[in-house]
Structure formats: C-alpha cells, structure tokens
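Trainee: Test case, fold it:
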Amino acid sequence: MKVLTFAAVAVLAVLAAGCSSKGEGTEVALGQAQGDVAVVGEPGGKGTAAQISYQPGGGASGTLPGITVVGSGTARAVPDVADWSFGVQSDAETASAALNAASEATRRIIGALGDEGIAKEDLRTEQVSLYPRTTDDGRAVIGYSATSSVHATVRDLGKAGSIVDAAVEAGANQVYGPSLRVADNRAQYRAAIEAALDDARARAQALAAKAGVTLGGPVAIVESGGGTPGPVYDRGLAEASGAGVPIEPGVDEIAATLMVTYAIS
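Mentor: Okay, the predicted model is just below:
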C-alpha cells in the first residue's frame, strides 16, 4: 500500500508541474470559437505582434486555418493649428554684445506674440547660438553673430497674418512656417481604424471566394500604427488670412493599418 501511495503522489506532482508551466509562457491561447479575438496595440501606437496558439478539438497540426490580410483606411481632418518659428540674428564686435542684442530682440518678439494672444505654454525657445565672423582667409576674427529663435503654436489660423507681422515688427528677421496640423485627431483616427477593418474584411472575402472556402470571424487583429501622410489641399476651403499673410489649411489625411487574420472553413 505504501508503494502505491507514493506512486500516486508522484504522478499528481508531475501533472501539477505540467499545468503550472503552461501558465508561464508568452503565448496567447484562443479557443475554437471564431468569435475569440486577440487585439494587440493601442490607437495611434506602433502595434506589437503577439504569438497566438490555436488548439481546436481535432486535427494533426493543431492549427486553425485562416486568411491573413492587411487593411488600410484614411480619414480627413482640417488642420486647426499652425507651428511657427521666429528667429533673430544680431552681429556685433564682441560676443557679449551680440548675445545681448539677440536676447533683447527675442524678449521683444515674445512680448509681441503674447500681446497677440499666444499663451505662454505655446511659446518655447528653440535655440540660442553664437559663432565668430572671420576674414575671408579665416585668419582673423572680425566680430560675432548670435542667433535665437522662438517656437510659437498658433491656435487661431485667422490671426496668423497679424501674428507674423507683430513678430517681424518686434525684430524677427528669420521666419519659418507654418507647419499645419490637427490638434486632436483621435476621432479621425478611430474612423480610419474602422475603414481599415472594412478594407481587411473585403480583401479576405475576395480571397476566400477565390479559394472556395467560407470566411469566418476575425481571430487576431494587429494594429500597425498610423500617421499623417501629408496635407491634401482643397481649393474649396476658405482662406484664413491676416494682415497680408494668407494661410490655407487644406486637409490632412490620417491613416491606419491593420493586419487581420480570419478563420476559414
């Protein structure tokens, strides 16, 4: 009896060890039902592939057959924010004089932008630099040049012209922009995700019909990220103009891509 008891205990220990080892792996196990879905990735993120193991009731391979396709979708949004860079370059005989002149001009530019309604949190210093000016042969220093630039986020495109004029009047002699974008494109990205899923379904249905199989539901969805391919200009949009500087926002296309695996039978 003691021998039989010890043998039973040993068998139970082996079974318990086998069950616990299954829970420590990195695989994601799904059942046979076609409604089970594994979604990897967050909206607007890069999407990370996961290893998925299928365990149907029968079959030698233990793998559920499927069709994997890549679907893409886009949604349009009108940019409502413009990023500008306003800089100043000052030349002087000494380094300190050049820096002081650039700093004073930068303070005037920041003040002018604030007077035009740009919030403090929408202003930031981009760079401050100082370099010597030399003779043509490079042997002697004849003075110094200092540069400083401020980044401004303009949230009212209709005021872009007056804001640029105010910065130039305050001393800005280097102006770059606008860089147009959508402040919050989450709603458009969700619409792009839906379009990408519809596109994936249509592609999978076409493949299933050609192969003579029945398409089931999605068993895995991997988000491959999204972005803005670039503005699509629409001449029908109204022109947002200020004091002589017209700004036409156009339309941004927000894109989404999904890799979807569908079950087949």
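Trainee: From what I see, residue 114 and residue 120 are in contact.
Mentor: Yes. Counting by Cβ atoms under 8 Å, residue 114 touches residue 120, with 7.2 Å between them. In this view, the C-beta of every residue, glycine as well, is placed from N, C-alpha and C.
Trainee: of those two, who's got more company?
Mentor: residue 114 (15 against 9; other Cβ atoms under 10 Å).
Trainee: Domain map for this structure?
Mentor: 24-78+185-264, 81-181 (automatic domain parsing).
Trainee: In JSON lines, list those along with mean pLDDT.
Mentor: JSON lines is the format used below for the domains of the chain (pLDDT from 0 to 100):
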{"stretch": "domain 24-78+185-264", "mean pLDDT": "68"}
{"stretch": "domain 81-181", "mean pLDDT": "93"}
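Trainee: Where do the helices of the stretch 1-150 of the chain begin and end?
Mentor: 2-22, 95-115 (DSSP state H, counting those that start in this stretch).
Trainee: and residue 139, backbone torsions?
Mentor: phi -90, psi -20 (degrees, to the nearest 10).
Trainee: what's the burial count for it?
Mentor: 7.
Trainee: now residue 214
Mentor: There are 9 residues near residue 214, going by other Cβ under 10 Å.
Trainee: One more: residue 175?
Mentor: For residue 175, using other Cβ under 10 Å, the count is 15.
Trainee: same thing with the one 4 residues further on?
Mentor: For residue 179, the tally of surrounding residues (other Cβ under 10 Å) stands at 13.
Trainee: Ignoring the adjacent residues along the chain, who's closest to residue 196?
Mentor: residue 73 (3.6 Å; Cβ to Cβ, 6 or more residues apart in numbering).
Trainee: Isn't that neighbour up against residue 260?
Mentor: No. Contact between residue 73 and residue 260 fails when scored by Cβ under 8 Å: they sit 11.9 Å apart.
Trainee: who has more neighbours, these two?
Mentor: Neighbours were counted for residue 73 and for residue 260 using other Cβ under 10 Å; residue 260 has more, 25 against 21.
Trainee: Could you pull up the contacting residues of that one?
Mentor: Residues in contact with residue 260 (Cβ atoms under 8 Å, 6 or more residues apart in numbering) are 68, 69, 70, 71, 197, 200, 201, 204, 218, 220, 221, 222.
Trainee: Look up the closest residue to it, ignoring the ones flanking it.
Mentor: residue 200 (4.2 Å).
Trainee: can you check residue 189 too?
Mentor: Nearest non-adjacent residue to residue 189, counting by Cβ to Cβ, 6+ apart: residue 254, 5.3 Å away.
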